[in-house]
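A.B. asks: Here's my sequence, what's the structure:
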Amino acid sequence: MPTFDNVLVTGNQTIQQDLQVNGNQTVGQHLQVNGNTTIQGSLQVNTNETVLNDLAVAGSASVGENLNVTGVAIAGQQLKATNQATLPPVAPTVQSVRYFSTGIVNQPGLVLKGTDGFDYVIFIDNTGGNANIGIQRLT
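C.D. replies: Numbering: from 1, shown residues only. This next block holds a predicted model:
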């Protein structure tokens, strides 16, 4: 196998098998991978990254601004918002928490595991005109 100190590709390059980079790799424009990619160190994206199917992270994933997920985002331990909430400049109204023992399959919302080991989904119930927190046990 030939060995090169530097390779400059100014057009397109197609690699039929494996591309192994032991040091650092900088891609100025686009990197398209049609199969699988394994990164053993770090992946740093300075602008935008689109993943059409799955992105599995065994360690930590830090997102500086927004994480948009159209399916399900799973956090094994915690899902944190690090910015502190700010109270709106109006007086709050008295609300309640509404518990639904059964409900809709695949109810959208934030899923948390209860101390009983069951999963619960938390969502906003605005059926009476006032926003309430709804909690539904998932079966």
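
A.B. asks: Which residue ranges of this structure form strands?
C.D. replies: 97-100, 110-113, 119-125, 132-137 (DSSP state E).

A.B. asks: Val97: how many residues sit nearby?
C.D. replies: 10 (other C-beta atoms under 10 Å). Using the backbone N, CA and C atoms, a C-beta is placed for each residue, glycine as well.

A.B. asks: List the contacts of stretch 55-72.
C.D. replies: Here stretch 55-72 makes contact (C-beta atoms under 8 Å, 6 or more residues apart in numbering) with Ala73.

A.B. asks: shaky segments in this protein?
C.D. replies: 1 (pLDDT under 70).

A.B. asks: distance of Pro2 from Pro92?
C.D. replies: Remark: distance between Pro2 and Pro92 (C-beta to C-beta, to the nearest Å) = 70 Å.

A.B. asks: before we move on, the earlier item: can I get the strands of the chain in CSV including distance to Asn48?
C.D. replies: Shown next, in CSV, are those (distance: least, C-beta to C-beta, whole Å):
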stretch, distance to Asn48
strand 97-100, 38
strand 110-113, 25
strand 119-125, 29
strand 132-137, 34
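
A.B. asks: just these: most buried one?
C.D. replies: Mean neighbour count (mean count of other C-beta atoms under 10 Å) peaks for strand 132-137 among the strands of the chain, with a mean of 17.

A.B. asks: now for that one, which elements pack on it?
C.D. replies: strand 97-100, strand 119-125 (3 or more C-beta pairs under 8 Å, 6 or more residues apart in numbering; DSSP states H and E).

A.B. asks: For those strands, give me a markdown table that also has distance to Val111.
C.D. replies: Shown next, in a markdown table, are those (distance: least, C-beta to C-beta, whole Å):
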| stretch | distance to Val111 |
| --- | --- |
| strand 97-100 | 14 |
| strand 119-125 | 5 |
